[in-house]
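Enquirer: here you go, sequence then predicted model.
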Amino acid sequence: MKKFLLISILTFSIGAVSAQSSTYWQQHVDYKMEVTMDVKNNQYKGKQELIYTNNSSDTLTKVYYHLFNNAFQPGSEMDARLHSIKDPDGRMVTKTKVDGQDVKVSRIENLKPDEIGYLKITNFKQDGTDAVAKTVGTILEVTLASPMLPNTKSTFTLDFEGQIPVQIRRSGRNNSEGVALSMAQWYPKLAEFDFEGWHTDPYIAREFHGVWGDFDVTINIDAAYTLGGSGYLQNQNEIGHGYEDAGVVVKSPKKGKTISWHFVAPMVHDFTWAADKDYIHDVVQGPNDVALHFLYKNNPKTAENWKKLEPMMVKVMDFYNKNIGNYPYKQYSFIQGGDGGMEYAMCTLMLGNGTLEGIYGTATHELGHAWFQHVLASNESKHPWMDEGFTTYIGDLATNELSDKKVVNPFEGNYRAYYYLVNSGKEQPQSTHGDRYDENRPYSISSYVKGSIFLSQLRYVIGDDKLAETIKRYYHDFKFKHPTPNDIKRSAERVSGANLDWYLMDWTETTNTIDYAIKAVTENGDQTTVSLERIGRMPMPIDLLVEYIDGTSESFYVPLRMMNYEKANPNQSVKRTVLNDWTWAASNYDFTIAKAKGTIKKITIDPSGLMADVKQENNVYKQ
């Protein structure tokens, strides 16, 4: 075992112990798995030993596992969802004509027996005693042989047998780009139990939630395959395939021989891998001695893009380290596999045959998840906006800052998408469970776009510097702790001193919109009275810029009373006047400019464009 791995395990263990206090606790798992792959029939068999630590105050009589492979069977809940949702994922359906009409047919519906996915569990024992295990769809319900008291451990052992489905969503075999095996969510995975209880969501193609722990995984597979994924390879000088130490020559095994890949992944809540005979494997040194692995198909048409991607991702990781906090592991792998891109522990599976710009955008987004989903790990199923949205925000910020052609507002496209959602009439509150959205497109805009605006708009509310500090504080305080929406709000409050309960509630728990207007501009002798109106339900502090005919300008700031906060002047080069605060109950607000109306050229509400006002046309007055 490498020295850095021992240090990592020790560090994570200390962090986990300190997290277990009178006000916070979380469960812990230690997995040990060995699996043997039969690459000819796309099946595998394995054994799992899991040491489960019950840090809760509850006595547990049952535990639950996720069996994700079972979703890829005709009649599954994932199949049913494809039939019932108005806009099924295009990757998961085929189009056909019925009576001259386009009909979308579930790909799962027509899977043959040797194409489906399954995960079968046998021989389940708790501390050597048989326990009753019942499979219900994608969930394994286990009635324990003995109740688990608070602050105790039990060892669960089981045998499992799986079949890799034809790739339809994320995991599977022989995908559209020819990758042999994308092994995501392939093993029996213990469900999360926390202060809210058990999280036993059926798998219908959304996101995941898991228990942190240490994984020790051995994969026996045909020696012709190159693997990449979570964790640190322990026997790299026996395996080769680009993992061997410099100067080591690894003897090639005989054709058809099976070799054993031994990985260890400390303090993660997932273990994923992919395999292909034609992978090119490059290793690049990243920031803080993190090894960045790139595994991609040996395709002359796309290999050059992957080579160009490598130094670009070094810069992106460095940006994330500086703007969120240091990545805590010592490797990350970008692997061609999956559909689109999906985040996993210490790796991503992503499509790789597109343009350089396309794979750069995907890789940048998926790498951001390493912080927001695999170190912070909010509940992606219940609060997808916290992960997808925050990752979208930091990815947009990174690509703009690292670009040769920077723009003033890199989030402008996100605001347009949000306005589209509002005008569609299909918006649902962000408190909606990810599986419960009526349609896929509103889910995506709400999670990725409106979730991103939560942060970019918070820049407007508390200021750029305070938001930057908030993100770092949030990461520092809640890494490895499964934060909830209230935790990001409290981080922002601790940093800024503002009261932000209204912001979290209105933006995420309702579909209230922001709409402010310049109602009237009237002359009052040598002065000018500006009348503002709040039309939307969601209140905000207001920044105004007044531009004069003589080329000068000044700004005015209207604090929101319920915030109990005054934002620093965002533009020190422009004189700013702080006005009396505006209460929520009052829908109208007047203030006076100490110049005649005829001197005014233009008045603009929110010149930054970061406040998501749904009617921009009434935000500007022009003489």
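Expert: Done, it's in.

Enquirer: list the buried ones in the host helix or strand of residue 473?
Expert: Here residue 473 sits within helix 464-478, counting by DSSP states H and E. Within helix 464-478, the residues scored as buried using 16 or more other CB atoms under 10 Å are 466-467, 469-471, 473-475, 478. In short, each C-beta sits where N, CA and C put it, glycine included.

Enquirer: element containing residue 557?
Expert: Using DSSP H and E, residue 557 maps to strand 553-558.

Enquirer: what mean pLDDT does that strand have?
Expert: Taken as a whole, strand 553-558 has an average pLDDT of 98.

Enquirer: which other helices and strands does the helix holding residue 473 contact?
Expert: With contacts taken as 3 or more CB pairs under 8 Å, 6 or more residues apart in numbering; DSSP states H and E, helix 464-478 sits against helix 303-323, helix 451-462, helix 485-496.

Enquirer: show me the contact partners of it.
Expert: 323-325, 371, 375-376, 394, 455, 458-459, 462, 483, 487-488, 491-492, 494-496, 568, 570 (CB atoms under 8 Å, 6 or more residues apart in numbering).

Enquirer: give the contact list for residue 423.
Expert: Contacts of residue 423 by CB under 8 Å, 6+ apart are residue 614.

Enquirer: between the buried residues of helix 464-478, which is nearest residue 364?
Expert: residue 471 (16.5 Å; CB to CB).

Enquirer: centre of the chain to stretch 587-594, how far?
Expert: 42 Å (CA atoms, centre = their mean, to the nearest Å).

Enquirer: any buried residues in it, and which?
Expert: Quick answer for stretch 587-594 (16+ other CB under 10 Å): 589, 591, 593.

Enquirer: what's the angle from whichever strand or helix holds the second one to strand 553-558?
Expert: Counting by DSSP H and E, the element that carries residue 591 is strand 588-593. Put simply, strand 588-593 runs at 150 degrees to strand 553-558, going by axes from the mean of the first three to the mean of the last three CA atoms, to 10 degrees.

Enquirer: residues in contact with strand 588-593?
Expert: 519, 524, 527-534, 546, 556, 558, 579-580, 582, 600.

Enquirer: what subset of these is buried?
Expert: Judged by 16+ other CB under 10 Å, buried ones among the contacts of strand 588-593: 528, 530, 532, 534, 546, 556, 558, 579, 582, 600.

Enquirer: now the helices for the stretch 401-550 of the chain?
Expert: 412-424, 440-444, 451-462, 464-478, 485-496, 501-509 (DSSP state H, counting those that start in this stretch).

Enquirer: nearest to residue 30, out of those?
Expert: Across the helices of the stretch 401-550 of the chain, closest to residue 30 is helix 464-478 (CB to CB), at 22.9 Å.

Enquirer: can you tell me the average pLDDT over the closest one?
Expert: 98.

Enquirer: what's the answer for stretch 595-604, then?
Expert: Averaging the model's pLDDT scores along stretch 595-604 yields 96.

Enquirer: buried sites along it?
Expert: Buried, per 16+ other CB under 10 Å, within stretch 595-604: 595, 597, 600, 603-604.

Enquirer: and stretch 177-193, by the same measure?
Expert: 177, 179-193.

Enquirer: quick revisit: closest to residue 436 out of the buried residues of stretch 595-604?
Expert: Closest approach between those and residue 436, by CB to CB: residue 604, at 38.9 Å.

Enquirer: just the C-alpha atoms of stretch 354-362, please, in CSV.
Expert: Written as CSV, here are the backbone C-alpha positions of stretch 354-362 (Å, rounded to 0.1, in the frame of the first residue of the first chain):
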residue,chain,number,x,y,z
GLY,A,354,-17.2,15.0,-29.9
THR,A,355,-15.4,18.2,-30.5
LEU,A,356,-12.6,19.4,-28.2
GLU,A,357,-14.9,22.2,-27.0
GLY,A,358,-17.6,19.6,-26.2
ILE,A,359,-15.5,17.1,-24.3
TYR,A,360,-13.8,20.1,-22.5
GLY,A,361,-17.2,21.3,-21.4
THR,A,362,-18.3,17.9,-20.2
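
Enquirer: for that stretch, give me every contacting residue.
Expert: So stretch 354-362 is in contact with 302, 305-306, 308-309, 312, 340-341, 350-352, 395, 399, going by CB under 8 Å, 6+ apart.

Enquirer: residue 165 reaches residue 172, doesn't it?
Expert: Yes - here residue 165 reaches residue 172: they are 4.8 Å apart, a contact under CB atoms under 8 Å.

Enquirer: shared neighbours of these two, anything?
Expert: In contact with both residue 165 and residue 172: 72, 117, using CB under 8 Å, 6+ apart.

Enquirer: point out where the stretch 351-500 of the chain drops to low pLDDT.
Expert: Scanning the stretch 351-500 of the chain for pLDDT under 70 picks out no residues.

Enquirer: if we can go back for a sec, buried subset of the contacts of helix 464-478?
Expert: 323-325, 371, 375-376, 394, 455, 458-459, 462, 483, 487-488, 491-492, 495-496, 570.

Enquirer: surely residue 480 touches residue 267?
Expert: Yes - with contact defined as CB under 8 Å, residue 480 counts as touching residue 267 (6.7 Å).

Enquirer: out of those two, which sits in the busier spot?
Expert: Set side by side, residue 480 and residue 267 show more neighbours around residue 267, with 22 against 18, by other CB atoms under 10 Å.
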